[in-house]
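*Asks:* Provided below for reference: sequence and predicted model.
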Amino acid sequence: MTTAVNYLDRGEDIIVVGSLAGLSMHPHWSLNLEKTPRAWVQLHERRWQVNARKITGEERAKLWPTLTAHFPLWGHFQKYSDREFNVFVLSPA
């Protein structure tokens with residue numbers, strides 16, 4: 001299954017946020033990455049395999065301002081959601 005998501009490009013890594021527009025549940029792709037932290041990323045014609053690492057706590061808190069500056073809706077949605085959005089770093093496998 002292919003899912004289009006907003007992302008932050010950080011060198012070789014891709015960072016994704018499971019916001020699902022602030023709904024009460026995590027998006028399915030996010031739950032899948034928690035269960036099996038391997039996936040494929042495709043940007044334009046380039047496609048590669050990645051390992052996913054969920055970031056939490058202090059690491060997430062430090063990165064969050066960068067993420068919301070890049071895509072402000074993540075911050076907006078988070079304000080109105082009771083759940084903390086999952087954040088994953090996708091690194092080339």
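*Replies:* Arrived safely, thanks for sending.

*Asks:* every contact and neighbour count from this point should use C-alpha atoms.
*Replies:* OK.

*Asks:* any low-confidence regions in this structure?
*Replies:* Applying pLDDT under 70 to the chain picks out no residues at all.

*Asks:* neighbouring contacts of the helix ranked longest in it?
*Replies:* Secondary structure of the chain per DSSP state H: the longest helix is helix 57-70. Here helix 57-70 makes contact (CA atoms under 8 Å, 6 or more residues apart in numbering) with Leu8, Trp74, Gly75, Val87.

*Asks:* and those residues as a markdown table, adding neighbour count and secondary structure?
*Replies:* Converted to a markdown table, these look like this (neighbours: other CA atoms under 10 Å; DSSP: H, G, I helix; E, B strand; the rest coil):
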| residue | neighbour count | secondary structure |
| --- | --- | --- |
| Leu8 | 15 | strand |
| Trp74 | 21 | helix |
| Gly75 | 17 | helix |
| Val87 | 21 | strand |
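
*Asks:* columns distance to Ala21 on top of the residues you listed, output as JSON lines?
*Replies:* Shown next, in JSON lines, are the contacts of helix 57-70 (distance: CA to CA, whole Å):
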{"residue": "Leu8", "distance to Ala21": "17"}
{"residue": "Trp74", "distance to Ala21": "8"}
{"residue": "Gly75", "distance to Ala21": "10"}
{"residue": "Val87", "distance to Ala21": "14"}
